[in-house]
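S.K.: what follows is a protein structure lacking sequence information:
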């Protein structure tokens, strides 16, 4: 699982990282956009639980993850329906912060 949060203001991402106590920040030199990446399954689960009550656009995706994704370390998600999960995107192509890629 991989959660990405993009922002042009790197300081905002640093504050989020400090608050959630996980993730890595990268900055693209080409467009100066920074990205906070969370890749640890347990950290992703904790992050999703924390934002769930406040989620509007991503609530369906998060519900689907809670009910269909295996967050236990060492367990794979080869039967996870990535196409169905990605069909929940509200702004196809623009709303990428919670896009599942090669979930294993």
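M.R.: That came in fine, so what should we check first? Remember, predicted model here, so these are calculated numbers, not experimental data.
S.K.: by contact count, what packs against the lowest-mean-pLDDT helix or strand in the chain?
M.R.: Taking all helices and strands of the chain together, the one with the lowest average confidence (mean pLDDT, DSSP states H and E) is helix 82-86, at a mean of 80. If you count contacts as 3 or more C-beta pairs under 8 Å, 6 or more residues apart in numbering; DSSP states H and E, helix 82-86 packs onto helix 59-68. (C-beta placed from N, C-alpha, C; glycine too.)
S.K.: what comes up buried for the helix it packs on?
M.R.: 61-62, 64-65 (16 or more other C-beta atoms under 10 Å).
S.K.: make JSON lines out of those and add pLDDT and distance to residue 32.
M.R.: JSON lines is the format used below for these (pLDDT from 0 to 100; distance: C-beta to C-beta, whole Å):
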{"residue": "61", "pLDDT": "88", "distance to residue 32": "28"}
{"residue": "62", "pLDDT": "90", "distance to residue 32": "29"}
{"residue": "64", "pLDDT": "88", "distance to residue 32": "33"}
{"residue": "65", "pLDDT": "90", "distance to residue 32": "31"}
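S.K.: which helix or strand contains the residue lying farthest from the centre of the chain?
M.R.: Taking C-alpha atoms, centre = their mean as the measure, the residue most remote from the mean C-alpha position of the chain is residue 30, 22.7 Å away. Applying DSSP states H and E as the criterion places residue 30 outside every helix and strand.
S.K.: tell me where this structure has strands.
M.R.: If you assign secondary structure with DSSP state E, the strands in the chain sit at 3-7, 24-27, 34-38.
S.K.: just name the most buried of those.
M.R.: Mean neighbour counts were compared across the strands of the chain using mean count of other C-beta atoms under 10 Å; the top stretch is strand 34-38, at a mean of 19.
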